[in-house]
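# need the 3D shape of this:
(chains A, B, C and D)
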Protein chains: 2
Amino acid sequence: MKNSGSSEPRDTRERIMATAERLFAADGFDASSLRRITLDAGVNLAAVNYHFGSKDELLREILERRIVPLNERRIAMLQDFREKSAGLPLTIEKIFEAFLIPLFQKAPPAFGTDPVFIKMLGRVISERSELFRKEVREHFHPIQKVFLQVLRETLPEMPEKDLLWRFQFAVTLMIASVSQRDRIMSASDGICDPDDTEDMVSRLIQFICAGFHEPNFMPDEMPAEMVKGNVVL
Amino acid sequence: MKNSGSSEPRDTRERIMATAERLFAADGFDASSLRRITLDAGVNLAAVNYHFGSKDELLREILERRIVPLNERRIAMLQDFREKSAGLPLTIEKIFEAFLIPLFQKAPPAFGTDPVFIKMLGRVISERSELFRKEVREHFHPIQKVFLQVLRETLPEMPEKDLLWRFQFAVTLMIASVSQRDRIMSASDGICDPDDTEDMVSRLIQFICAGFHEPNFMPDEMPAEMVKGNVVL
DNA sequence: CTAAATTTCAGACACTCGTTTGAAATGAGC
DNA sequence: GCTCATTTCAAACGAGTGTCTGAAATTTAG
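This is a model prediction of the structure:
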């Protein structure tokens, strides 16, 4: 027998990437050892270094193959909305739908279980910010620039600083909401179901858009407790 | 000479805790080795296990000595606002001021540099969710219950599920905003200054409150792209 | 001062990690 | 069939980890 339930020639790479993506999402990057990954994937330990060179490079390839098509889907959805809007600026809701929804869609290659990729994203961001910084600069900054530009068209009066801060809040909340699903669940006595992705995304978009509908920021009266003494008994 | 610039009897514990808190915040829990911590603190490697028993227990003690006074300050601020409100329900703004501002105040013991503790909190939450779960249940759930109750008085009409989801968004955003300050900085071309804590907290509170001022959630028309095919392209 | 308790210290222990090696197995081209 | 490149494999390497040990140093008590 030549292929008794194990692997075909080229899919060792694929099995490693899929398993690693899942484990990185579940346990984090550092906590997921190559021994555990290769064991779960049913391949030899040395296969990772043979096919990818190093563990860091494995992560980089996993990120890249997800981010590129993700951003293509975002742009496509944005473009679709624009065509339907008859030249009018898009609503904030539509803009964030195009930004968020593609994150939660299963997508090739190797259709992950639910959005395992964005969960991994959240974990890796706080764990490996150095390695991540390059990817962010290369793939996320350009897409953020696009969405910021679209937001600017919809909100021409909003000061740049306000727009940027609110957008950062939106991105931060988006990523953290997914990578910390379990915390949400446990803190709400089971009333909030973070596995109901559709419901969560809708609420997330509504929450974010509310932050943009607010009038511009006024540094008004800061509570006295904060301004002066930084120390409170 | 008996004390040439090194340590007095009881402060070995304190030096370890302060150094560990700082390193956990900067590099994460797993990435901060006891050798690095004890070297930076100027104490012997074995001192951690002697004074704390284990690395996990060290983290637990660090968490506990910050969380307890933090929640006391929150309750105190909330109580202060209530006394000034003459029996009227507090505004959402005031409620979240009492919830957020104490997080960003330097506080004893061992006044950390800025809110190094909450940054550590954010890192540890995603890294050590198991160890953290007990602390969360013991210290954060009770305080969240209190604030949810106060919010409920201010927003008696809001459905429980809406209230809980929005509150979870608020907590998630609060923690993530701090533990990912560097990402915010780099993504905004330097326009947003995450080191201006006062400004950031004000904007954060405004953003969060906007999400609560929205009308109740309506599961209205979900975009067709999401409902059906989970796969795009 | 002396004796007991506390704290510090250098060193070792067992373990896990990512990575490398060199030989075996498997593939494709002729 | 054989040949040569690709891929797999078991085993080991060196470095790093948290923890433990037993003796030295220091502080505290009597």
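# give the contact list for the residue nearest the centre of chain A.
Centroid-nearest residue in chain A: A:I118, 4.1 Å away (criterion: CA atoms, centre = their mean). Counting by CB atoms under 8 Å, 6 or more residues apart in numbering or on different chains, A:I118 makes contact with A:L103, A:F104, A:I175, A:V178, A:S179. Every residue, glycine included, has its C-beta placed from N, CA and C.
# most neighbours of all those residues, which one?
Among those, A:V178 has the most neighbours (other CB atoms under 10 Å in any protein chain shown), with 29 neighbours.
# quick check: which element contains it?
Element membership for A:V178 (DSSP states H and E) is helix A:160-179.
# where does chain A dip in pLDDT?
A:1-10, A:110, A:112-113, A:216-233 (pLDDT under 70).
# helices of that one, start to end?
Assigned by DSSP state H, chain A shows helices spanning A:11-27, A:34-41, A:47-52, A:55-84, A:92-100, A:116-127, A:129-135, A:141-154, A:160-179, A:181-187, A:197-213, A:224-227.
# quick one on the thing from earlier: and the helix holding A:V178, how far from the chain's centre?
11 Å (CA atoms, centre = their mean, to the nearest Å).
# for stretch A:84-104, same thing?
For stretch A:84-104, the distance to the chain centre is 17 Å (CA atoms, centre = their mean).
# list the buried residues in it.
Neighbour counts using 16 or more other CB atoms under 10 Å in any protein chain shown place A:89-90, A:92-104 of stretch A:84-104 among the buried residues.
# from the contacts of A:I118, which is closest to A:G122?
Set against A:G122, the nearest of the contacts of A:I118 by CB to CB is A:S179 (2.3 Å).
# wait, the closest one sits on A:R123?
Yes. Using CB atoms under 8 Å, A:S179 is in contact with A:R123, at 5.5 Å.
# so what sits against both of those two?
Taking CB under 8 Å, 6+ apart as the criterion, A:S179 and A:R123 both touch B:S126.
# before we move on, back to that, just name the closest of the contacts of A:I118 to A:R66, please.
Checking the contacts of A:I118 one by one against A:R66 (CB to CB), the nearest turns out to be A:L103, at 10.0 Å.
# sorry, back to before: which among the contacts of A:I118 gets closest to chain B?
The nearest member of the contacts of A:I118 to chain B, counting by CB to the nearest CB, is A:S179 at 6.2 Å.
# now do the closest one against A:R133, distance only.
From A:S179 across to A:R133, the span is 18 Å (CB to CB, to the nearest Å).
# check A:L204 too.
Distance from A:L204 to A:R133, by CB to CB: 25 Å.
# give me the more crowded residue out of those two.
The neighbour count for A:L204 versus A:R133, taken as other CB under 10 Å, is higher for A:L204 (22 against 14).
# who's in contact with the more buried one?
The neighbours of A:L204, taking CB under 8 Å, 6+ apart as the test, are A:L100, A:L173, A:M174, A:S177, B:F169.
# how far away is it from B:P108?
Distance, A:L204 to B:P108, using CB to CB: 37 Å.
# same question, A:G122
For A:G122, the distance to B:P108 - CB to CB - is 33 Å.
# ok, A:E127 next?
Distance, A:E127 to B:P108, using CB to CB: 30 Å.
# ok, the two, which is more surrounded?
The residue with more neighbours, out of A:E127 and B:P108, is A:E127; 21 against 11, by other CB under 10 Å.
# wait, doesn't the more buried one sit right on A:G28?
Yes. Contact criterion CB under 8 Å: A:E127 and A:G28 qualify, at 5.6 Å.
# which neighbours do these two share?
B:S126, B:E127.
# and chain A, which residues reach DNA strand C?
Within chain A, the positions adjacent to DNA strand C are A:2-3, A:9, A:30, A:32-36, A:45-46, A:48-49, A:53-56 by CB under 7 Å from any atom of the strand.
# just the residues you listed that are near chain B?
Taking CB under 8 Å from any CB of the partner chain as the test, chain B is in contact with A:D30 out of these.
# so among the residues of chain A next to DNA strand C, which ones count as buried?
So, by 16+ other CB under 10 Å, the buried ones in these are A:D30, A:S32, A:L34, A:V48, A:K55.
# which two in the residues you listed are spaced the farthest apart?
Farthest-apart pair in these is A:D30 and A:V48; separation 15.1 Å (CB to CB).
# what about A:L63, neighbour count?
Residues near A:L63, counting by other CB under 10 Å: 23.
# need the contact list for the closest residue to it other than its chain neighbours.
Leaving aside its chain neighbours, A:L63 sits nearest to A:E135 (5.2 Å; criterion: CB to CB, 6 or more residues apart in numbering or on different chains). Residues in contact with A:E135, defined by CB under 8 Å, 6+ apart, are A:R60, A:L63, A:E64, A:I67.
# which part of chain A gets nearest to chain B, residue-wise?
Going by CB to the nearest CB, chain B is nearest to A:A176 of chain A, at 3.6 Å.
# now do the contacts for that residue.
Contacts of A:A176 (CB under 8 Å, 6+ apart): A:G122, B:T172, B:L173, B:I175, B:A176.
# if I look at the nearest residue to the fourth one once chain neighbours are set aside, how far off is DNA strand C?
Excluding the flanking residues, the one nearest B:I175 by CB to CB, 6+ apart is B:G122, at 4.8 Å. Computed as CB to the nearest atom of the strand, to the nearest Å, the B:G122 to DNA strand C distance reads 23 Å.
# wait, B:G122 touches A:I125, no?
No. B:G122 lies out of contact with A:I125 (CB under 8 Å); the separation is 10.9 Å.
# now the common contact residues for those two.
Joint contacts of B:G122 and A:I125 (CB under 8 Å, 6+ apart) are B:Q180.
# so what's A:P102 up against?
Neighbours of A:P102 in contact, by CB under 8 Å, 6+ apart: A:L70, A:R73, A:R74, A:M77, B:V232.
# repeat that for A:F52.
A:R13, A:I16, A:L58, A:E61.
# change it to 10 Å
By CB atoms under 10 Å, 6 or more residues apart in numbering or on different chains, A:F52 lies in contact with A:R13, A:I16, A:M17, A:A20, A:L58, A:L59, A:R60, A:E61, A:I62.
# separation between it and A:I62?
In terms of CB to CB, A:F52 sits 9 Å off from A:I62.
# and for A:Q206?
31 Å.
# number of residues surrounding A:H141?
Neighbours of A:H141 (other CB under 10 Å): 14.
# correct me, but it touches B:A187?
Yes. Using CB atoms under 10 Å, A:H141 makes contact with B:A187 at a distance of 6.7 Å.
# DNA strand D: which of the contacts of A:P102 is nearest?
Among those, A:L70 lies closest to DNA strand D (CB to the nearest atom of the strand), at 27.2 Å.
# before we move on, back to that, from the buried ones among the residues of chain A next to DNA strand C, pick the one nearest B:A210.
A:D30 (36.7 Å).
# how about the nearest residue to that closest one once chain neighbours are set aside, what does it touch?
The shortest distance from A:D30 to any non-neighbouring residue, by CB to CB, 6+ apart, is to B:D30 (5.2 Å). Applying CB under 10 Å, 6+ apart to B:D30 gives the contacts A:G28, A:F29, A:D30, A:A31, A:E127, B:F24, B:K55, B:R123, B:V124, B:E127, B:R128.
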